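> Kindly generate the corresponding structure for this input.
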Amino acid sequence: MKNIKLLLAIFGLIFAFTFSASAQSITFTSIEGEKIDLEAQKGKVVVLAIGAQWLPLSNQQAVYINKLAKKYAGSDVVFYFISADSTSPKSKNYASDEDLRKFAVTNKLTISILRDSEGSTTLKRFKIDQLPSFVILDKTGKLAAAPFSGIDPKGDISVKISQEIDKVL
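Next up, the predicted model:
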């Protein structure tokens, strides 16, 4: 009986440790090959602009994220552009790292671009159903607000995002 209790306790600890690590950690690779772990950003507000270089609205998204990055420069806010472009050359939504570098130059993107092929991690994790989107994580790594999905060409979404950043800063 003692052996069964001990075995159950060990499995429970292994399960709890595995679940908590996988539930908290999200790691991306930048187009420069650098690994970025969002969990390591705790203590900072993290703003993710999730888009794709083939999506025309992502050009406007770049304008907004550049504006926000400039406004919050020197503060405890970090910004990343998460590319949902496919890494598979066979996909119609394929974009190489060089394509993403061109996108950054064309849009004067001042923040790091991270890869999330097909958006599989971010779209599922943050329950995003539309691109482009913005996600704000508070200093503990939790969602600060519901994701901002879509861009209204008649409005400036950076104002709403800035208000949410200010709430958790």
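
> contacting residues for I82?
The neighbourhood of I82, defined by Cβ atoms under 8 Å, 6 or more residues apart in numbering, consists of F28, L48, A49, I50, G51, I113, L114, R115, D116, G119, T122. Backbone N, C-alpha and C define where each C-beta goes, glycine included.

> Would you mind measuring from it to L48?
Distance of I82 to L48, computed by Cβ to Cβ, to the nearest Å: 5 Å.

> Need the residues touching each of those two.
In terms of Cβ under 8 Å, 6+ apart, I82 and L48 are both contacted by the residues T122.

> Check the secondary structure at the spatially most central residue of the chain for me.
For the chain, the residue lying nearest the average C-alpha position, counting by Cα atoms, centre = their mean, turns out to be L48 (3.9 Å). In three-state terms, and counting by DSSP: H, G, I helix; E, B strand; the rest coil, L48 is strand.

> hang on, it packs against T122?
Yes: the pair L48 / T122 is scored as a contact, 6.8 Å apart, by Cβ atoms under 8 Å.

> what is in contact with those two at once?
Going by Cβ under 8 Å, 6+ apart, residues that sit against L48 and also against T122 are I82, V135.

> residues contacting the residue nearest to the centre of the chain?
Under the criterion of Cβ under 8 Å, 6+ apart, the contact partners of L48 comprise F79, Y80, F81, I82, T122, F134, V135, I136, L137.

> try L38
S25, I26, T27, F28, V46, L137, G141.

> Not counting its neighbours along the chain, what's nearest the second one?
Excluding its sequence neighbours, the residue lying closest to I26 (Cβ to Cβ, 6 or more residues apart in numbering) is L38, at 4.5 Å.

> Would you check how far apart the one you found and D85 are?
19 Å.

> picking that back up, flag the least confident of the contacts of L48.
Comparing pLDDT over the contacts of L48, the lowest score belongs to T122 (92).

> Lovely, talk soon.
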